[in-house]
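1. sequence unknown, structure follows:
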């Protein structure tokens, strides 16, 4: 169910054990070939596909598109929520639904920069309301490494930024928004670097992308998308069914 | 231009005198006949229509759908940003764009509950950065009273909540989301009441709507929508051209 | 009753259905002819007159003189509470009295800049404590338009800033504080301007005033004052009696 | 000069070496014999007297009556600013005047509970703006011990709460507000108690007062008042003249 | 008992009437002869000695070393908590222990700059949780004036900063950290100065110390330390036993 | 160099390219066999060992022991900083040192719960001050997997909580604080569980530990400690030398 498309009496009638799925994205630069909406678009499509797979067993909120992207602010057009703003946004959404009686919340995330504040916000919520069931995952967490090894044709067997994986996803989901003539590999220094460094993106890439975008294909995008949807669907299904145990 | 569909170099290349148009909505109950997305949907459509009318002369951000709706929280499904959350969200969007060099900001609003915090947030921004050009309007501000008198067939010649006007707009813009069998007039006490009272919606209406929804028609919706778009377009056009004077 | 003049056992003994009346003003520039205290002085006098009319049926707190006047800070001497400071001040006053068992609160306001944060603060209070009865009005809300049309002799049939109406009120209430030799009309551009613009006062007037001050008379001031007092008194009386219904 | 009675051009014309004097009080219970306004009234009168003594050499703001009195909230009618509210109020007043070019600020305080937050707020201001000259004193700091020993006729040779000293001050300054029939000695345990304890007032006195109120006289009040005014006047005079050195 | 050295089941088993002793220090400049750790080291040693004297009757937390020292920031190496940070740190420690069932809290302080925010934080805690027993004292509060008059050989019969008293304490407790070749008297203007001034330390001393450091001896340090420990031990013992009355 | 043991002129004389090393720990339950100080003790020892290896090339601050441990608050004695408190503490330390001219900051962490707020705080700092060099690592990040595979004798080849690895470290560093008779394996469900769940520790373990504590030995502890020190030393050395490039 798409929360925003329902009326209040329809939501009032729902089983409160249904998980609330909250997609989180960003509006941030993705190089010269992908639009600012990339993260928001992909995660919204993932959430919509999950909802289609489990129509009566999940309640999907609108996507929080105002992500934590200060490290991308040196590139024009990037909108970014301050850490506090991002966290209170997520918290307010959860608390409103808690007020309506729901208690299972799954944050499906489409932007790497949101992972840290998602954790901090959810941990603070858990401390205040220990009976809530709270979990979060970025869609890439659902990809088996074997799939990445198989799909991705370059040196980098994972996701970076506006890279082969993201470019492929956008070619599959929104080809009209991909600037094919601007595809460019970037940020391809040898692996490594300084452990745990906190860097802004203009320190690591000149044009904002980071990876082997030129290798992207719609076919790869479809495989990656389908895998993310399958994983997220199973994740939601488990939460709906009731979780047998938790582990850290 | 739709900001989220652009790439950062495309935005980098823009004239900074282009106004940034920020739509603000809500996800809140609209009775038993309109979906939670109503305010967000209408204002987003207005902003998109303005953009189509002035394609190179306005930059439209995503809609801030997380509105200030605590007075609707007694009705299930309503999401609501706390006053502080709502304001920092708007402020962060403006400040990111200020960082990118833009200085004209127009907030086009689709939810009555956002008017107060829009003013407070924009006034604080103005105090901190006096050189910004900041303005806000709710789309209903663009309706001439004559139009309302002509279009609206009931006793109430204006907008209330999930009323004739809003129902008509939704019948025009998204008829598939209107529950035609649930249309109901409500909240029709005689005019008046206590001056300046701060009320929650469950104090003034039993089923969440407030007005003569049964009178809504798609034709009325089209007239109202077109009028709002025309007014908003002219407003943006003036800001783009340069304002000759301001007045309070 | 004047709260500050009572002792705690006297307040302890009161009926908790008595409304608490909280005047809100400002210390801000009013051109070269009116003192900074103008808004605070007028609203305090209104509140005192209401108290005299309903001595046992209202409890008047001291005036919150630290108003939200950042838009006047370009003019020397203006003190201004940041939006957050203003709101927490009002909120703390209400919450203290809630702690003492009172539940009806009426904010009578004397400064236009306080309207927005009054609404935001009271709405947040209402969301947190839905059983409170909260209302606010600026004293000008009590003036019938007919009175303004009759009293005011210039082109502007309402209140602006240090204008005919405010100058008249001060000539009536505190003539010793009016600099008669400095009266000046200002800000008299043709009506209109940019819809919803957020402006600082130095953008709209050179000397801080805005209106036809030279037309002010004590006689007009008396009529306006008496009308505001009569309206505010009736407003408080209704709240004391119990309100039959609320309306938005 | 009384800031609130001036116009902005008059303040604009002032020498910026003039100290700004900010009185701070409270609206809090003072037993059954003194009104809630006690602290605010006394400190306001002190500030006004200083102003009369040094008319062109000091600029007196309105009294911050919203003091930090949470320890008195168990007694009805007490209004109290939360610690944060109190501090931002003081800070906003100073910062507004800093924006107008003033740099010497003297806080004259009339409420014991304000001492701690005055220090915290002023220290934070000093850390942020090291060039400001900031000082604070409670009016009792200006009393020589010899005067107290001479004036006060009971066992307690200093100030407590609604005690001989405060009762005397009110008998001198506002006898119409003293409930002579309610005078009562209270809180007269032997000296001592637990070092540094943080207590609410309902833990230490049954009726809210603390001291030998029955010994108060208007004559004593006059001596104490005159001494406070003399001390405060000299303090302001030194700040106006320029301070030769500071010491901690 | 040293809280940090215990396990949770050992703490779970404790009598909740045991006072929790929270030492508060600073990491701030102490002239050229004493290390930054001075305040933290002395107060930690005091707390440890109290614990040795009352091993089963007190629970000592780690020392909050992040003191409020902004007035020392002009001198290199000083770390300082903002006023808000300092207060929430103390508050969080108390609240965690309240959650574990403890209700008596004694803050033993080693840094003058912490006194104000200790009071503000503890008063806010007391307002929120009136049943807590909260007290604070700086270790110098335990010194009888007679001892100071006897021990201290210079003109100043009390504590200032990196002075005879502090230097003596460090010579006794940590002689290896005293730079004997850098001992210097400083800040020795005649007593007095401007009442209640808020000064940064670079305004009152050139090299950061303030007092007659050259007079310090380990023997004096031992006397002062033993006196502080004896006083603090008795203070804790009283709190453990139950306090007969509180006084302000 | 140990910052707290230096004087301000000694720090003033330092090369500002020296990295500042900030250890972060916690005071939180570690089962029935390890004391609350565990995380703080281990990371402090690591930092001290790094300092001994690079005495003139690193400046070590005191350990921030007030960690983010709300998920352990169900177990007695745990102290925990709220997320905001923890972050402002770290931020204030960095900003003080930035004020003193330092610009390289390395956070060496000893508590898993600090990782998220470390990232959020450092990212916000980086956004505000892009020229800072900021990095963080938990000491376990320096362990090669091969070492863990070799050292750890149980099923779990990594760190959990009060587990084989932590127990070994404490047996090596502070055997007197290990309750040998309370060693117990716990939390040994099969791997897996719900992806990304946010759990409190009382949901996953009955006695607070999580792992195979009974397998711990001092010899293993020494190997793990030496490895962490070696890795952290090399990390600091690189930062001191200047980093050739950063990577995400």
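-> Cool, the structure landed. Computed from a predicted structure; not experimentally measured.
2. C-alpha from now on. contacts and neighbour counts both.
-> Fine.
3. what about stretch A:25-32, how long is it end to end?
-> Taking Cα to Cα, to the nearest Å, stretch A:25-32 runs 19 Å from one end to the other.
4. And stretch A:146-160, by the same measure?
-> So stretch A:146-160: terminal residues 17 Å apart, Cα to Cα.
5. which SS state does residue A:57 fall under?
-> coil (DSSP: H, G, I helix; E, B strand; the rest coil).
6. can you count the residues close to the spatially closest residue to it that is not a sequence neighbour?
-> Of all residues not flanking residue A:57 in the chain, residue A:18 sits nearest, at 5.6 Å (Cα to Cα, 6 or more residues apart in numbering or on different chains). Neighbour count of residue A:18, defined by other Cα atoms under 10 Å in any protein chain shown: 21.
7. go on, residue A:130?
-> Neighbour number of residue A:130 under other Cα under 10 Å is 16.
8. Also residue A:241?
-> 12.
9. Residue A:71 belongs to a helix?
-> Yes. Residue state for residue A:71 (three-state DSSP) corresponds to a helix.
10. could you list every residue that touches it?
-> A:199, A:200, A:201, F:123, F:127 (Cα atoms under 8 Å, 6 or more residues apart in numbering or on different chains).
11. now the residue lying closest to residue A:132 once chain neighbours are set aside: how far from residue F:74?
-> The shortest distance from residue A:132 to any non-neighbouring residue, by Cα to Cα, 6+ apart, is to residue A:103 (5.1 Å). Applying Cα to Cα, the value for residue A:103 to residue F:74 is 20 Å.
12. Residue A:129 now?
-> 13 Å.
13. quick one, which of those two is more surrounded?
-> residue F:74 (19 against 13).
14. so who does residue A:26 touch?
-> Taking Cα under 8 Å, 6+ apart as the test, what residue A:26 contacts is A:36-40, A:64-69, A:79-80, A:110-111.
15. Report the two of those separated the most.
-> A:79 and A:110 (15.3 Å; Cα to Cα).
16. Neighbour count: these two, which is higher?
-> Higher neighbour count among residue A:79 and residue A:110: residue A:79, with 32 against 27, using other Cα under 10 Å.
17. and that one, what does it touch?
-> A:26, A:27, A:28, A:66, A:67, A:69, A:73, B:92, B:93, B:96, B:97.
18. That one pairs with what?
-> When assigned by DSSP bridges, residue A:79 has beta-bridge partners residue A:27.
19. Quickly note the distance from it to chain F.
-> Distance, residue A:79 to chain F, by Cα to the nearest Cα, to the nearest Å: 13 Å.
20. mind checking the SS state of the residue nearest to residue A:57?
-> Residue A:18 ends up coil, using three-state DSSP.
21. Contacts only, for it.
-> Contacts of residue A:18 (Cα under 8 Å, 6+ apart): A:57, A:58, A:59, A:102, A:104, A:240.
22. can you rerun that using 7 Å?
-> A:57, A:58, A:59, A:240 (Cα atoms under 7 Å, 6 or more residues apart in numbering or on different chains).
23. Nearest to chain E among those?
-> residue A:240 (32.6 Å; Cα to the nearest Cα).
24. Those residues of chain A touching chain B, which are they?
-> Residues of chain A found near chain B (Cα under 7 Å from any Cα of the partner chain) are A:4-9, A:11-12, A:27, A:29-37, A:75-77, A:79-82, A:85, A:88-89, A:92-93, A:96-97, A:100, A:177.
25. May I see the ChimeraX selection of the buried members of those?
-> Here is the ChimeraX selection string for the buried members of the residues of chain A next to chain B, based on 16 or more other Cα atoms under 10 Å in any protein chain shown:
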select /A:4,5,6,7,8,9,11,27,29,30,31,32,33,34,35,36,37,75,76,77,79,80,81,82,85,88,89,92,93,96,97,100,177
